[in-house]
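Peer 1: All I have is the shape, not the residue letters:
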């Protein structure tokens with residue numbers, strides 16, 4: 001009888017050990033899946049926070065272009081440390097970017113301070129996690145990128161694009177969520193709608209040059225992937 005009890009105990013302990021090991025593996029995999037973290041800001045060519053009439057007036061006529069900017073504050077991808085790497089993407093589509101079937105093209109600019117190895121790893125991360133948002137990548141190049149965040153104010157500049165975004169007064173996007181009509185092109189922690197004081201794209205690689213200012217057309221927050 002004692003022998004049977006011992007067998008049951010040993011079986012229970014073995015099963016418990018297996019559960020703990022599997023749980024540790026799952027949690028470890030989840031932790032590894034969040035490899036990069038940092039600041040993100042995005043500007044659209046349509047107001048993302050507005051009254052219904054304003055939204056309806058824009059949804060079929062504009063909102064086809066966006067600037068996306070990442071600043072990696074910590075993490076690795078494919079074993080490469082990407083801390084400090086900055087990237088901007090210019091995206092243009094044949095319909096409003098809220099349409100999942102809109103045909104998109106994008107140009108990717110990686111800060112020229114990144115090494116060749118870092119640039120390659122960062123591109124692999126973007127392609128793996130944000131392929132749907134970026135669409136067909138028609139050009140990848142390097143250029144100096146300045147990404148400054150002061151509190152909830154963002155200033156991102158490269159040679160053919162610029163973003164200047166600040167927080168909305170009193171966080172109205174949180175107090176009036178029914179007036180937020182879009183979602184950011186990447187998943188964000190603590191997503192906020194930002195006020196675009198100025199944003200522009202002067203290139204012609206994707207879409208036409210554009211400039212927007214004085215509207216609630218931005219998203220910002222923390223990205224993780």
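Peer 2: All right, it came through fine. Just so we're clear, the structure is a prediction, and the values are computed from it rather than from any experiment. Numbering: from 1, shown residues only.

Peer 1: Please count neighbours and contacts with C-alpha atoms only from this point.
Peer 2: Will do.

Peer 1: Report the contact partners of the one residue sitting closest to the centre of the chain.
Peer 2: In the chain, the C-alpha nearest the mean C-alpha coordinate belongs to residue 186, at 3.7 Å (Cα atoms, centre = their mean). By Cα atoms under 8 Å, 6 or more residues apart in numbering, the contact list for residue 186 reads 130, 133, 223.

Peer 1: what about the helices in this protein?
Peer 2: All helices of the chain, identified by DSSP state H, fall at 2-33, 52-59, 116-134, 172-175.

Peer 1: By mean pLDDT, show me the worst of those.
Peer 2: If the helices of the chain are sorted by mean pLDDT, helix 2-33 sits at the bottom with a mean of 45.

Peer 1: What about the closest residue to residue 117 other than its chain neighbours, how many residues nearby?
Peer 2: Counting by Cα to Cα, 6 or more residues apart in numbering, the nearest residue to residue 117 once its immediate chain neighbours are dropped is residue 80, at 7.4 Å. Neighbour count of residue 80, defined by other Cα atoms under 10 Å: 14.

Peer 1: thought residue 80 was touching residue 118?
Peer 2: Yes. If you go by Cα atoms under 8 Å, residue 80 and residue 118 touch, sitting 6.4 Å apart.

Peer 1: residues touching residue 157, list them.
Peer 2: Per Cα under 8 Å, 6+ apart, neighbours of residue 157: 145-147, 163.

Peer 1: switch to 6 Å and redo it
Peer 2: By Cα atoms under 6 Å, 6 or more residues apart in numbering, the contact list for residue 157 reads 145-146.
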